[in-house]
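[1] Just to be clear, the model below is a prediction. Sequence and coordinates:
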Amino acid sequence: TSYLELLGTFIRLLAEKRNEINESRRRLETGLQKLLSTAAQVEVMQQELKDLQPILARTSQEVEDMMVVITNDKREADETKKMVEQQEKEANEQAAKAKEIADDAQRDLDEALPALDAAVASLKNLSRNDVVEVKAMQNPPSGVKLVMEATCIMFDEKPKMVDDPNKMGKKMANYWEPAKKLLNDPTKFLESLLTFDKDNIPDSVIKKIEPYIQMEEFTPEAVSKVSKACTSICMWARAMYVYHNVALQVAPKRAALKAAQDELNDTMARLAEAQAKLKAVEEKIETLQKQFEEATAKKEQLARQVHECTVKL
């Protein structure tokens with residue numbers, strides 16, 4: 001019995017030892033596999049760390065380079081913006097100056113335009129028959145003769161020299177015959193009054209017409225007593241005279257206005273160029289800023305990966 005108990009105990013102990021050995025072997029194998037796996041992972045992480053470091057360095061350098069470019073471009077943008085603001089100020093001042101000159105010139109013209117408009121309106125109310133009536137006069141009144149003399153002078157028509165009945169052996173200017181030639185085609189005559197080149201009346205014509213303007217008989221009120229058509233023509237001749245004198249005053253202002261406008265146009269051209277340059281720089285900065293933010297985010301991500309790999313190792 002004692003032998004059998006001893007044998008049973010031996011078998012039980014043998015089984016326990018085998019189990020312990022098997023468990024130790026399993027644990028050893030598991031540990032070995034983990035060591036091998038860890039070694040492989042370490043090797044991968046070491047390679048990953050090795051690969052990440054130059055990328056991180058390159059990305060960091062790219063970020064620094066971009067920062068330098070952005071700083072320089074912002075400085076250029078600031079300088080361009082200041083230039084644009086200065087040119088805008090100059091343009092506004094020049095525009096105000098040009099407007100002031102234009103308004104001043106317009107005020108002068110406004111003195112002549114009402115009389116001119118009234119004369120044109122009066123001429124437009126004339127009919128062909130009104131002109132025919134004047135032409136048909138065999139012995140026209142002095143008021144009609146006076147108006148047609150002035151008309152011939154305005155169109156630079158030469159008078160016919162005839163004997164002066166009051167001065168023996170002397171000649172006098174007779175404008176009635178050249179006047180009738182002007183009146184030959186009533187429609188054409190009225191059109192020539194309406195389309196008269198008022199901006200280029202010779203000074204010689206103005207000097208000749210000036211004495212008529214001073215005459216009391218050469219007024220629409222006086223002429224209206226003898227002829228409707230000549231009243232309108234009288235208004236026209238006086239309006240041409242007034243317009244010419246006003247235009248002489250306005251001419252220097254027009255020249256000044258043109259100079260101011262040319263200066264403004266030049267400033268506006270330079271302003272547009274500067275604005276386009278500023279826009280291009282700002283768009284470039286915006287693009288670089290986005291690239292900078294992306295590169296910075298990439299740099300931070302790479303730095304985290306390097307840190308994690310270093311910690312794991």
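    Sure thing, it's come through.
[2] Would you pull up how far whichever helix or strand residue 243 is part of lies from the middle of the chain?
    Residue 243 belongs to helix 228-312 when elements are defined using DSSP states H and E. Helix 228-312 has its C-alpha centroid displaced from the chain centroid by 6 Å (CA atoms, centre = their mean, to the nearest Å).
[3] In contact with residue 284: list those residues for me.
    Residues in contact with residue 284 (CB atoms under 8 Å, 6 or more residues apart in numbering) are residue 73. The C-beta positions use only the backbone N, C-alpha and C, and glycine is treated the same way.
[4] what's the distance between it and residue 270?
    Distance, residue 284 to residue 270, using CB to CB, to the nearest Å: 21 Å.
[5] Then residue 36?
    In terms of CB to CB, residue 36 sits 75 Å off from residue 270.
[6] Those two: which has the busier surroundings?
    Applying other CB atoms under 10 Å to residue 36 and residue 270 shows that residue 270 carries more neighbours, namely 15 against 10.
[7] correct me, but the more buried one touches residue 90?
    No: counting by CB atoms under 8 Å, residue 270 does not reach residue 90; the two are 9.1 Å apart.
[8] Is residue 160 in contact with residue 174, as I believe?
    Yes: using CB under 8 Å, residue 160 makes contact with residue 174 at a distance of 4.8 Å.
[9] show me where this structure has strands.
    160-163, 171-174 (DSSP state E).
[10] Could you single out the most deeply buried of those?
    strand 171-174 (a mean of 14; mean count of other CB atoms under 10 Å).
[11] helices or strands up against it?
    Contacts defined by 3 or more CB pairs under 8 Å, 6 or more residues apart in numbering; DSSP states H and E place strand 171-174 against strand 160-163.
[12] List the contacts of the strand it packs on.
    For strand 160-163, using CB under 8 Å, 6+ apart, the contacting residues are 170, 171, 172, 173, 174, 175, 177, 178.
[13] Stretch 114-121 now?
    Residues from elsewhere that reach stretch 114-121, judged by CB under 8 Å, 6+ apart: 194, 198, 232, 235, 236, 238, 239, 240, 242, 243.
[14] what about burial for these, which qualify?
    Burial by neighbour count, judged by 16 or more other CB atoms under 10 Å, picks out 232, 235, 236, 238, 239, 240, 242, 243 from the contacts of stretch 114-121.
[15] Any chance of those residues in TSV with pLDDT and distance to residue 220 as columns?
    What follows is the buried ones among the contacts of stretch 114-121, written out as TSV (pLDDT from 0 to 100; distance: CB to CB, whole Å):
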residue	pLDDT	distance to residue 220
232	94	8
235	94	5
236	94	10
238	92	8
239	92	10
240	92	14
242	88	13
243	87	16
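[16] any idea which of the residues you listed is closest to residue 209?
    The nearest member of the buried ones among the contacts of stretch 114-121 to residue 209, counting by CB to CB, is residue 240 at 8.0 Å.
[17] Centroid-nearest residue for the protein?
    The centroid of the chain falls nearest to residue 268 when counting by CA atoms, centre = their mean (6.7 Å).
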